[in-house]
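> following is a predicted model, sequence given first.
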There are 2 protein chains.
Amino acid sequence: MSTSSRPPTPVAARSADQRPRNAADTQHRLLDAARRQFARNGYSGTTVRDIAAEADVNVALISRYFRSKEGLFAACLTGAVDELGDTITAEVSLADLPLTIARQLAESDTDGLPTRLLLLLRSSGDEGADRIRLDVLKSFSVRLAALTGGGEDSLLNAQVVLATSLGITVLRSSVGLEPLASAGEQELVVPLEALIAALLPPASGLSKDS
Amino acid sequence: MSTSSRPPTPVAARSADQRPRNAADTQHRLLDAARRQFARNGYSGTTVRDIAAEADVNVALISRYFRSKEGLFAACLTGAVDELGDTITAEVSLADLPLTIARQLAESDTDGLPTRLLLLLRSSGDEGADRIRLDVLKSFSVRLAALTGGGEDSLLNAQVVLATSLGITVLRSSVGLEPLASAGEQELVVPLEALIAALLPPASGLSKDS
DNA sequence: AAGCGATGTAAACAAATGCTGACTTAGCCA
DNA sequence: TGGCTAAGTCAGCATTTGTTTACATCGCTT
């Protein structure tokens, strides 16, 4: 949970001048808004003033809590990385991998996998952030490859599957290409099954139904 | 060809103060530099001064020849679109589609398919540019789908193939994920063959019109 | 060779952007 | 309750960025 734990706010969102002071909530608010905007508009396409406005928080608090725009971006990145680990580290068999991926891709939550993936593709130019991005994508593909028998180029194939997921996310969220953009979980799972069957063969030899 | 036709330049690149005046060459120079930087750093991550510097041209000439940064971006986009049409409109059979794509993806030219695709994913926020991007990606996927028998969700599948190509490009050029990033044409063609065989079945017995 | 339009240059402006410092205020604890 | 620290506000700073304007100069035509 990252979006849902806020201090008791009876009715709607009370504006800043009547909201109780709460550092943790403010930081959370900033992280949420920042993640959305960074994912949608990229690092340099996002201004700290816009983030602060969406979070309904004073701009100066970004510097206070995250040291800088770069710091806020890094925080978003590591946050997304953590949650991303959660969604896939879970023991999923190769068999229900397509459905798992389809379900996540179809999620239109502002905090779902698509947003996290988009964020992962954004670069701030900072070397540390780029390193994080590379590491997480690498480990992700390694985990994917580990689900198969682990053949010769299973890692390469896993990265192609990852590429497909990223591409689908971009075409859906960022470009809005129809009919892919509004395809639901059921429609997405079909090509994903074919894709995974073709690229990530179950541990060779013994397989299931032809 | 877009990068290779410049006025006679005997030895190396003569700097601006000794280069003969030539509007067409200057425009081309700006387009080249802009396309590279827009593709690599996105729209808002690129400054007109950086473009002008790389093109070895005065900044004010961007406004003169392209009206604005937006205008320059639009020119890059339409240029990339035209060349993109060239590379795929060519009659390719479904059989050699994998090799064709692999060859293009492996191209590391500063003007190759990867750069054009990356450019196509960048948004300036301008509505017109976004429209161009959407249209070209749509027609691209339609053309891809037309290569198959044209079954029920052949368009969706074609867009998934397109998504894979985009994702591979991003992971290679923008993220640098190994081993995908340095995979050559021969290594790329293998998963692409599997992918296309699984998602774009040749007009087989069952349902094909005419 | 002269004139003149096309081409290129330099400087500057206004707006936007990231960030900082001094100040105010709320909430908690003795 | 009073005070003290954390939390939040406000205004402004130094740059960066896109664009424009006035000026210099090349090179073609006559």
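Looks like it came in fine. Residues are numbered from 1 along each chain as shown, chains lettered A, B, ... in the order given.
> show me the shaky parts of chain A.
A:1-14, A:88-90, A:203-210 (pLDDT under 70).
> who in it is up against DNA strand D?
With CB under 7 Å from any atom of the strand as the criterion, chain A comes near DNA strand D at residues A:16-17, A:21-23, A:25-26, A:57-61, A:64. In this view, the C-beta of every residue, glycine as well, is placed from N, C-alpha and C.
> mind doing that once more with 6 Å?
Residues of chain A lying near DNA strand D by CB under 6 Å from any atom of the strand: A:16-17, A:21-23, A:26, A:57-58, A:60-61.
> helices of chain A, residue ranges please.
Along chain A, counting by DSSP state H, helices occupy A:23-41, A:48-55, A:60-66, A:69-89, A:97-106, A:113-121, A:127-146, A:154-169, A:185-199.
> just these: most buried one?
helix A:154-169 (a mean of 25; mean count of other CB atoms under 10 Å in any protein chain shown).
> which elements pack onto it?
helix A:97-106, helix A:113-121, helix A:127-146, helix A:185-199, helix B:154-169, helix B:185-199 (3 or more CB pairs under 8 Å, 6 or more residues apart in numbering or on different chains; DSSP states H and E).
> out of the ones you listed, flag the one nearest A:Arg36.
With CB to CB, the closest approach to A:Arg36 among these belongs to helix A:113-121: 6.8 Å.
> quick one: residues in contact with the closest one.
By CB atoms under 8 Å, 6 or more residues apart in numbering or on different chains, the surrounding residues in contact with helix A:113-121 are A:35-36, A:38-40, A:76-77, A:80-81, A:83-84, A:87, A:104-105, A:107-109, A:133, A:136-137, A:165-166, A:169-170, A:172-174, B:170, B:174-175.
> same thing but 7 Å
A:35-36, A:38-39, A:76-77, A:80, A:83-84, A:87, A:104-105, A:107, A:133, A:136-137, A:166, A:169, A:172-174, B:170 (CB atoms under 7 Å, 6 or more residues apart in numbering or on different chains).
> got the angle between that helix and helix A:69-89?
Counting by axes from the mean of the first three to the mean of the last three CA atoms, to 10 degrees, helix A:113-121 lies at 130 degrees to helix A:69-89.
> can I get helix A:113-121 in PDB, CA atoms only?
Provided in PDB are the C-alpha atoms of helix A:113-121 (Å, rounded to 0.1, in the frame of the first residue of the first chain):
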ATOM      1  CA  LEU A 113       2.700  -1.600 -12.700                       C
ATOM      2  CA  PRO A 114       2.300   0.600 -15.800                       C
ATOM      3  CA  THR A 115       3.200   3.800 -13.900                       C
ATOM      4  CA  ARG A 116       6.100   2.000 -12.300                       C
ATOM      5  CA  LEU A 117       7.400   0.700 -15.600                       C
ATOM      6  CA  LEU A 118       7.100   4.100 -17.200                       C
ATOM      7  CA  LEU A 119       9.000   5.700 -14.300                       C
ATOM      8  CA  LEU A 120      11.700   3.100 -14.800                       C
ATOM      9  CA  LEU A 121      12.200   4.200 -18.300                       C
END
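> middle-most residue in chain A, spatially?
A:Arg116 (1.5 Å; CA atoms, centre = their mean).
> near DNA strand C too, which of the residues of chain A next to DNA strand D?
A:21, A:60.
> would you confirm that A:Pro179 contacts B:Leu155?
Yes. Between A:Pro179 and B:Leu155 there is a contact under CB atoms under 7 Å: 6.4 Å.
> need the overlap of contacts for the two.
By CB under 7 Å, 6+ apart, no residue touches both A:Pro179 and B:Leu155.
> now do stretch A:82-99: distance to the chain's middle.
Taking CA atoms, centre = their mean, to the nearest Å, one finds stretch A:82-99 lying 13 Å from the centre of the chain it belongs to.
> which residues of chain A lie near chain B?
By CB under 7 Å from any CB of the partner chain, the residues of chain A that approach chain B are A:42, A:44-45, A:121, A:133-134, A:137-138, A:153, A:155-157, A:159-160, A:163-164, A:166-168, A:170-171, A:175-177, A:179-180, A:183, A:187, A:190-191, A:194-195, A:197-199.
> make it 6 Å
For chain A, the residues in contact with chain B (CB under 6 Å from any CB of the partner chain) are A:42, A:44-45, A:137, A:156-157, A:159-160, A:163-164, A:166-168, A:171, A:177, A:179-180, A:191, A:194, A:198-199.
> roughly how far does A:Glu193 sit from B:Ala198?
Distance of A:Glu193 to B:Ala198, given as CB to CB, to the nearest Å: 9 Å.
> before we move on, what about A:Leu137?
Distance from A:Leu137 to B:Ala198, by CB to CB: 23 Å.
> for DNA strand C, what are the nearby residues on chain A?
Counting by CB under 6 Å from any atom of the strand, chain A sits next to DNA strand C at A:20-21, A:47-49, A:59-60, A:63, A:68-70.
> what would the helices and strands packed on helix A:154-169 look like in CSV with distance to B:Asp96?
Listed next are these as CSV, based on distance: least, CB to CB, whole Å:
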stretch, distance to B:Asp96
helix A:97-106, 28
helix A:113-121, 30
helix A:127-146, 28
helix A:185-199, 18
helix B:154-169, 15
helix B:185-199, 10
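> can you check which of the ones you listed gets nearest to B:Pro98?
helix B:185-199 (4.2 Å).
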